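Participant: A predicted structure for the sequence below; I have some questions about it.
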Amino acid sequence: MLVPIYRSQGRLHAVLTRRRDDLRRHAGEISFPGGRQDDDETDLRITALREAEEEIGLPAADVRLVGALQPTPTIATNYAVYPFVGLIEPGHAWTPSPREVASVLEPSLQELRAGYERRRLVRRGVPFMADTYLVGEDLIWGATARMVSDLLERLAPLLDAEAA
């Protein structure tokens with residue numbers, strides 16, 4: 001999984017996708033671009049870059065990988081997600097995959113941080129408490145919210161300086 005970030009007008013932004021509502025798994029959810037490793041891929045960084053290009057049209061050559069977040073499990077689908085952080089330039093013209101991506105979101109990390117709330121959610125009839133981020137109408141929860149938390153924690157000194 002790729003966690004693309006960029007700086008624009010003095011603020012750090014993340015690039016996320018809203019998945020199509022008609023998908024079998026994670027329909028309508030907000031996530032970072034990513035997917036399964038192909039059999040011939042020996043490095044998960046290659047997978048992250050390939051998936052970002054396939055899902056949002058972000059060329060691998062436009063990404064400078066700068067680190068990784070904690071591997072993150074998904075509860076419902078039992079995947080282990082390996083998120084890699086990549087710096088990109090602002091102003092990309094996204095080409096969302098019509099099969100997978102409904103839209104591309106570019107919230108500032110300050111917006112994400114301000115939208116944090118622990119909420120009661122219900123999925124498949126089961127209520128649970130979860131860390132969430134609300135940006136406009138978009139609710140980020142689950143594995144993506146855990147990755148956002150990790151990113152915000154690691155970048156807190158930069159974000160504090162931005163806000164000052």
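Facilitator: Arrived safely, thanks for sending. Numbering: from 1, shown residues only.

Participant: quick check: the residue nearest to the spatial centre of the chain vs Arg120, distance?
Facilitator: Centroid check for the chain by Cα atoms, centre = their mean gives Phe32 as the closest residue, at 2.5 Å. Counting by Cβ to Cβ, to the nearest Å, the separation of Phe32 from Arg120 is 25 Å. Using the backbone N, CA and C atoms, a C-beta is placed for each residue, glycine as well.

Participant: same check, this time on Leu2
Facilitator: Between Leu2 and Arg120 the computed distance is 31 Å (Cβ to Cβ).

Participant: mind listing what's buried in the helix or strand that contains Val148?
Facilitator: Using DSSP states H and E, Val148 maps to helix 142-154. Buried positions in helix 142-154, judged by neighbour count with 16 or more other Cβ atoms under 10 Å: Gly142, Ala143, Thr144, Ala145, Arg146, Met147, Val148, Ser149, Asp150, Leu151, Leu152.

Participant: show me the contact partners of it.
Facilitator: Contact partners of helix 142-154, identified using Cβ atoms under 8 Å, 6 or more residues apart in numbering, comprise 1, 3, 5, 14, 16, 29-32, 69-70, 72-76, 81, 83, 85, 109, 112-113, 130-133, 140, 159.

Participant: for the longest strand seen in the chain, packing partners?
Facilitator: For the chain, the strand with the greatest residue count under DSSP state E is strand 126-135. For strand 126-135, the elements it packs on are helix 109-114, strand 116-123, strand 138-140, helix 142-154, judged by 3 or more Cβ pairs under 8 Å, 6 or more residues apart in numbering; DSSP states H and E.

Participant: Serialize those to JSON lines and add fields for mean pLDDT and distance to Ser97.
Facilitator: Shown next, in JSON lines, are the helices and strands packed on strand 126-135 (pLDDT from 0 to 100; distance: least, Cβ to Cβ, whole Å):
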{"stretch": "helix 109-114", "mean pLDDT": "97", "distance to Ser97": "23"}
{"stretch": "strand 116-123", "mean pLDDT": "93", "distance to Ser97": "25"}
{"stretch": "strand 138-140", "mean pLDDT": "95", "distance to Ser97": "18"}
{"stretch": "helix 142-154", "mean pLDDT": "96", "distance to Ser97": "18"}
